[in-house]
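**Student:** Whatever this is, show me its structure:
(chains A and B)
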Amino acid sequence: MKKLSVIALVAICIGLFSFAQPVTAADPIPLGLLLPYTGDWAWVGAGADPGAELAVQEINADESLWPIGRPIKLYKGDTETKSKPAIEAARKLYDVNKVVGIVGPSSASIRSVIPLSKEAGAVEISPTAGTTKLDVIGGGIDGEHIYRTVSSDVVMTAGMVYYAMKTFNPKKAATFTADTEGSRSIYGGVVDACKVKGLPLVAEIEFPLNQASYRAELKKLFADKPDVIFWEANPETDATIFKQWYEMGLGGQWIGSDFANRTSAKASLPASEGAIGVNPGVLEDERTKAWGERLNKISGKEGVTPFSANTYDATIIFALAIESGKSADRKSIVENVRKVAQPPGEKVYNYADGIKLLRAGKKINYEGIAGTQDWNKFGDPITFLKVEVMTAKDPSGMKRIGTVVPDDINDIIAGVLKIRAERGK
Amino acid sequence: MDELLSYGLLTFATLALPALGLCLAIKVTKYFNLTYGDIITAGAFLTLLCNLTFGIPMIISVIIGMILTAALGVFLHKTVFKPLMDLKVGPLTLLVVSLGAGFIVRNLILIGWGPQPFQFRIPLARAKHIGPLFLTTNQIFIILICLLVAVGIFLMLRYTQLGRLMRATSDNPELSKIRGISIERVYVYTWIIACALAAMGGVFMGVLGTIKSGMGIGVLVTIFACLIVGGIDNPYGAVFGALIIAFAMEATAIWISPPYKVIAAYLLMIIILLVKPSGLLGGEKIQWKYFLGFLRSRQS
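**Tutor:** Now for the predicted structure:
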């Protein structure tokens, strides 16, 4: 009994002590990073994570440049690429870790997390969710402060179709996409973009991920011999698909989305030799090159890992929004998040310049690594697209062969939006 | 029809040996071991370790992988399941514990290799028409090995001393013990065979597709479907069930729609459970309900 009393007393003391701790000036600002670290899209989390780590490292590097005099601390949650774990992780981030906002999650779970962010009155910036379901929500409308630092899939699919038409001049095309929300988003974008460009689709095949065999699906896909196949799966499935496609001796040019990346290439080469990925990318300038070198030190990998630039931008925008509002309150971030990344502010290309100008009382417009991050009314940007080809000749598995800029695809995007508007009537 | 035959046989080759191994384990040890899915994965990764990391030729890698996987199975049996069986815990408890053990194995693989998929170091090959089949040399080899191993297991069960001991232990463990059979030794041998078959199944899946940390647990429900369709207590039924499930899945993919092929396996499983719960070739003595603890004792 005496022992129990002592334990209880100690527990009470610890409790009181912890409650009695005031938030001191240098207490870190908790920021949530909610990504799919495991599950089907684990490669998304693995690719995006170093971007946030690098941003926090740069923000915290110089004490004099901490936002409102406090460093940023990341609290990470794993969505497991599923809705339920994503909700649980987001709940923990908001309720237990008291994060001021969330960077993330991906298309697979973002719509499940939006109500929680709305309830918490917090900003959520997704660096990876390209789903077109977000095209008409977010940006602060209806209290949903959802923003993206990655383009909608409408932009990416416009780029895919643009590149196919420009390079291969196909007469027939086909779609081969997984039965996930993200892949359906790609499928919908490709179908509309093909309509805009007058490219007929001879097969539209949807399939479940991670199956041992896709031979039957491939047989159907190639029944009418499409010249180009627009596809999206995941690295595991890509490995199986390309191996079996090669074994079956089928032809066609594969053009993929952001899922046609280095992880996928490493898993599926040499069978996938020549397959092309059109996906969010960074420019090939000096600034990006220097950023890439800093990223490599964090990631321990060569090149720019998938979505790392987008995650970096999202984290920097949070820090600048905190400084802009002189507060780490969620409400203040809500009010300031647009102000630091949009015209008419002075363009800034890194965190340090941004915070110095804010302290000088100036308006800023953060120009990200992944794109300008100028949001439309729904909080969506148009970022640059890079074109890469899978090849075993490159140690990374992919070689960059081109860039698609907004001017190349504006007509397709406009056409797709027109089709969608008419469909919505 | 040609494509159904080719694709059906390939899917069968990936399901048959793990289904047979799991059937033997369930028949002898009398509980569902959900670790089995992750043992399949472990088999593939241990073979990958030899083949990719150490550069050992594929055939030797498979043999080493099977031995290491069998050792893993015996280790799990000795350290986790035997102590619990000695405590006379019910099949439901063992099932839950096996779920946890599988989780540990899966996460160890994830820590060791990460979430990304891998492939064995085998040259790519184009499929060729051989009679009604359209397969690569590797695929033909896999189908033949699968059939040979399955036949070998059937012969072992019927004609060897170990087979007789396994059947005796399966029929009545208490009586077997009284007759001087070392039940524990039979359990160990059973796990060695079951895990070696799991490893082989994992390797086949890897050769035909890809190797990843969740591959075994993903296919485990389909393997259970094979057992339920064929008959949980019948090794012939396990292989027969794999054949039916494989062809049902591929037929659905070819003639209905690819996304429904997994549903076809589960639908078939549900129909069999409703119409003939003991499975097409299963005896009436052991049904699936038994393993969830709904029936009273192990010997009933």
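**Student:** A:Ala46 looks like it's in a strand, true?
**Tutor:** No - secondary structure of A:Ala46 (DSSP: H, G, I helix; E, B strand; the rest coil): helix, not part of a strand.
**Student:** isn't it right up against A:Thr305?
**Tutor:** Yes - using CB atoms under 8 Å, A:Ala46 is in contact with A:Thr305, at 7.2 Å. In short, each C-beta sits where N, CA and C put it, glycine included.
**Student:** Now do the helices in chain A.
**Tutor:** If DSSP state H is used as the criterion, the helices of chain A fall at A:2-20, A:42-61, A:83-95, A:110-120, A:153-168, A:181-197, A:215-221, A:235-248, A:262-268, A:286-299, A:308-325, A:330-336, A:351-359, A:406-424.
**Student:** Name the helix or strand for B:Arg106, please.
**Tutor:** Using DSSP states H and E, B:Arg106 falls within helix B:91-113.
**Student:** Check which helices and strands that helix is in contact with.
**Tutor:** Where contact means 3 or more CB pairs under 8 Å, 6 or more residues apart in numbering or on different chains; DSSP states H and E, helix B:91-113 is packed against helix B:36-48, helix B:58-76, helix B:82-86, helix B:215-230, helix B:288-291.
**Student:** Pull up the residues of the stretch 151-300 of chain B that are close to chain A.
**Tutor:** Within reach of chain A by CB under 8 Å from any CB of the partner chain, the stretch 151-300 of chain B has these residues: B:205, B:208-210, B:212, B:214-215, B:218-219, B:250, B:253-254, B:258-259, B:261-262.
**Student:** Leaving out chain neighbours, which residue sits closest to A:Val337?
**Tutor:** Distance criterion CB to CB, 6 or more residues apart in numbering or on different chains; nearest residue to A:Val337, sequence neighbours excluded, is A:Ala321 at 4.4 Å.
**Student:** low pLDDT regions in chain A?
**Tutor:** Along chain A, segments meeting pLDDT under 70 span A:1-25, A:425.
**Student:** for chain B, what are the nearby residues on it?
**Tutor:** Counting by CB under 8 Å from any CB, the positions of chain A adjacent to chain B are A:38, A:42-43, A:46, A:179, A:205-208, A:210-217, A:219-220, A:235-236, A:239-240, A:243-244, A:246-249, A:263, A:266-267, A:270-271.
**Student:** residues contacting residue 175?
**Tutor:** Let's take chain A. By CB atoms under 8 Å, 6 or more residues apart in numbering or on different chains, the contact set of A:Thr175 is A:187, A:190-191, A:201, A:203-205, A:229-231.
**Student:** other chain: chain B
**Tutor:** So B:Leu175 contacts B:Ala168 (CB under 8 Å, 6+ apart).
**Student:** Which helix or which strand is home to it?
**Tutor:** Following DSSP H and E, one finds B:Leu175 within helix B:173-178.
**Student:** quick check, distance from that helix to the centre of its chain.
**Tutor:** Averaging C-alpha positions (CA atoms, centre = their mean, to the nearest Å) puts helix B:173-178 27 Å from its chain's average.
**Student:** I'd like to know how many residues surround A:Val155.
**Tutor:** Burial of A:Val155 is recorded as 28 neighbouring residues (other CB atoms under 10 Å in any protein chain shown).
**Student:** Please name the nearest non-neighbouring residue to it.
**Tutor:** Spatial nearest neighbour of A:Val155, chain neighbours left out: A:Ile382 (5.5 Å); criterion: CB to CB, 6+ apart.
**Student:** Quick check: the one you found touching A:Val154?
**Tutor:** No - using CB under 8 Å, A:Ile382 is not in contact with A:Val154, being 9.5 Å away.
**Student:** which residues do the two both contact?
**Tutor:** Common neighbours of A:Ile382 and A:Val154 (criterion: CB under 8 Å, 6+ apart): A:Ile413.
**Student:** Who has more neighbours out of these two?
**Tutor:** Each of A:Ile382 and A:Val154 has its neighbours counted (other CB under 10 Å); A:Val154 has more, 25 against 21.
**Student:** Return the backbone torsion pair for residue 210.
**Tutor:** No chain specified, so I'll use chain A. Here is the backbone geometry of A:Asn210 (degrees, to the nearest 10): phi 60, psi 30.
**Student:** oops, chain B please
**Tutor:** Per-residue torsions, B:Thr210: phi -150, psi 170 (degrees, to the nearest 10).
**Student:** Wait, it touches A:Ile241, no?
**Tutor:** No - B:Thr210 is not in contact with A:Ile241 according to CB under 8 Å; the separation is 9.6 Å.
**Student:** Tell me which of A:Ala46 and A:Thr305 has more neighbours.
**Tutor:** Taking neighbours as other CB under 10 Å, A:Ala46 and A:Thr305 compare with A:Thr305 leading, 26 against 23.
**Student:** Please tell me I have it right and the more buried one contacts A:Ala52.
**Tutor:** No - contact criterion CB under 8 Å: A:Thr305 and A:Ala52 do not qualify, at 11.5 Å.
**Student:** Show me the domain layout of chain A.
**Tutor:** If you go by automatic domain parsing, the domain ranges for chain A are A:29-153+A:285-366, A:156-283+A:385-424.
**Student:** Any chance of those domains in JSON lines with distance to B:Asn138 as columns?
**Tutor:** Below are those laid out as JSON lines (distance: least, CB to CB, whole Å):
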{"stretch": "domain A:29-153+A:285-366", "distance to B:Asn138": "27"}
{"stretch": "domain A:156-283+A:385-424", "distance to B:Asn138": "9"}
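**Student:** remind me, longest helix of chain B?
**Tutor:** Longest among the helix segments of chain B by residue count, using DSSP H, is helix B:2-29.
**Student:** What would stretch A:93-101 look like as CSV? C-alpha coordinates only.
**Tutor:** Extracted in CSV, the C-alpha atoms of stretch A:93-101 (Å, rounded to 0.1, in the frame of the first residue of the first chain):
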residue,chain,number,x,y,z
LEU,A,93,-0.6,14.4,-34.8
TYR,A,94,-3.3,16.9,-34.0
ASP,A,95,-4.4,15.7,-30.6
VAL,A,96,-1.2,14.3,-29.0
ASN,A,97,1.7,16.0,-30.8
LYS,A,98,-0.3,19.2,-31.2
VAL,A,99,1.1,19.9,-34.6
VAL,A,100,0.3,23.3,-36.1
GLY,A,101,-0.4,21.8,-39.5
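**Student:** Which positions in that stretch come out as buried?
**Tutor:** For stretch A:93-101, the neighbour count (16 or more other CB atoms under 10 Å in any protein chain shown) marks A:93-94, A:97, A:99-101 as buried.
**Student:** quick one: contacts for the residue nearest to B:Leu197 when sequence neighbours are not counted?
**Tutor:** What sits nearest to B:Leu197 in space, not counting adjacent residues and going by CB to CB, 6+ apart, is B:Gly21, at 3.2 Å. B:Gly21 sits next to B:36, B:193-198, B:201 when contact means CB under 8 Å, 6+ apart.
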